[in-house]
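Visitor: Just the structure for this:
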Amino acid sequence: MTDKCPSVTAWRVARHRAKHQLLENGIVFSDPLAIPVLGEDAESLKAEEERSGEKNFRLFMAIRSRIAEDKLATAVQRGVQQAIIMGGGVDTFGLRNPHENSGLTVFEVDRPLMQNWKRRHLARTGLKVPESLTFVPVDFERDSLSTCLMKAGFDSTKPAFFSWLGVVPYLTRESIENTLRFVASIPGSEIVFDYGEPIENYEGQHRRLMEERGAFVASVGEPWLSRFNPAEIHAILLKAGFNNVTDYDRNGISSYFGWPAKPSNSKASPHVIDALRS
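Guide: Take a look at the predicted model:
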């Protein structure tokens with residue numbers, strides 16, 4: 001009997017991170033544990049046929065992780081010693097923790113079912129859980145994130161960095177707003193997350209790919225629940241208490257990495273937000 005990952009989308013994202021190491025040599029985001037954490041043969045993974053739009057999707061997975069870890073590194077330099085990886089899935093940051101010697105403690109938050117599986121899976125792959133990593137089981141729709149974190153040793157009186165990648169589209173707006181209010185209630189807090197625009201904002205082939213992706217995640221029981229126009233999410237962040245918000249859209253991402261801007265037949269794009277409460 002196989003012990004499959006309970007989240008199809010989390011497993012697919014992990015495979016995209018691993019493929020980025022193999023197919024693009026991790027040029028955007030280098031993760032030495034991306035392949036080992038899968039417990040799969042690298043050559044078989046590399047040889048898999050690519051679907052339409054898969055490369056762009058894979059690169060965005062790498063882009064959002066790179067931005068999040070860049071921002072976290074900067075936060076550590078200014079003294080932040082708590083990192084919360086929300087919706088950790090098969091993410092490896094807590095296992096790698098390049099800032100452990102700087103005193104960074106990592107709290108990885110995810111659904112109990114997912115975390116129980118991840119612990120078993122890590123044991124099978126032989127990857128060790130460092131003392132600096134604490135797993136915190138939380139259902140964002142039902143549980144109090146603040147209560148669960150504080151029970152696990154989180155100190156809400158000290159600044160913290162929150163990474164929330166690939167999660168927002170799967171939550172209700174109420175849950176998203178509650179989470180952002182909690183993060184903004186911590187002085188010196190910072191959060192990096194990604195969000196998607198409404199599908200109707202996309203045009204042509206981009207819209208078709210988004211419709212196909214939306215149909216797929218719904219078919220595996222993980223439907224998109226929340227998508228935002230930029231002005232909407234910016235207003236939510238400001239209302240929550242953040243006073244410094246940077247939204248990296250397609251052009252912003254190109255500028256961040258020093259890439260030439262590419263023309264597109266769709267005005268909409270994926271977004272990565274970096275929000276701080278000073």
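Visitor: Just the buried residues of stretch 178-187, please?
Guide: Neighbour-count burial for stretch 178-187 flags 178, 179, 180, 182, 183, 184, 186 (criterion: 16 or more other C-beta atoms under 10 Å). C-beta coordinates here come from the backbone N, C-alpha and C atoms, glycine included.
Visitor: what's the distance between the fourth one and residue 233?
Guide: For residue 182, the distance to residue 233 equals 17 Å [C-beta to C-beta, to the nearest Å].
Visitor: just the strands in the stretch 51-200 of the chain please.
Guide: Listed in chain order, the strands of the stretch 51-200 of the chain (DSSP state E, counting those that start in this stretch) span residues 82-86, 105-110, 133-137, 161-164, 190-195.
Visitor: all helices for the stretch 151-278 of the chain, in order.
Guide: Ranges of helices within the stretch 151-278 of the chain are 173-184, 204-219, 230-240, 250-257, based on DSSP state H, counting those that start in this stretch.
Visitor: For residue 43, find the nearest of those.
Guide: Shortest distance between residue 43 and these, using C-beta to C-beta, is found for helix 204-219: 26.1 Å.
Visitor: Nearest spatial neighbour of residue 141, chain-adjacent residues omitted?
Guide: In this structure, residue 141 finds its nearest non-sequential neighbour in residue 175, 5.3 Å apart by C-beta to C-beta, 6 or more residues apart in numbering.
Visitor: An error on my part: the question was meant for residue 130.
Guide: Leaving out its chain neighbours, the residue that sits closest to residue 130 by C-beta to C-beta, 6+ apart is residue 97, at 6.1 Å.
Visitor: Verify the contact between the one you found and residue 134 for me.
Guide: No: Residue 97 lies out of contact with residue 134 (C-beta atoms under 8 Å); the separation is 11.5 Å.
Visitor: circling back: out of the buried residues of stretch 178-187, the closest to residue 80 would be?
Guide: Nearest member of the buried residues of stretch 178-187 to residue 80, counting by C-beta to C-beta, is residue 186, at 10.6 Å.
Visitor: Check the gap between that closest one and residue 155 for me.
Guide: As judged by C-beta to C-beta, residue 186 and residue 155 stand 9 Å apart.
Visitor: Residue 33 too?
Guide: Counting by C-beta to C-beta, the gap from residue 33 to residue 155 is 27 Å.
Visitor: higher neighbour count, these two?
Guide: Using other C-beta atoms under 10 Å, the more surrounded residue of residue 33 and residue 155 is residue 33, with 18 against 13.
Visitor: Tell me who's in contact with the nearest residue in space to that one that is not next to it in sequence.
Guide: Counting by C-beta to C-beta, 6+ apart, the nearest residue to residue 33 once its immediate chain neighbours are dropped is residue 92, at 4.0 Å. Residues near residue 92 by C-beta atoms under 8 Å, 6 or more residues apart in numbering: 31, 33, 34, 37.
Visitor: just checking, the first one is part of a helix?
Guide: No: secondary structure of residue 31, determined by DSSP: H, G, I helix; E, B strand; the rest coil: coil, with no helix assignment.
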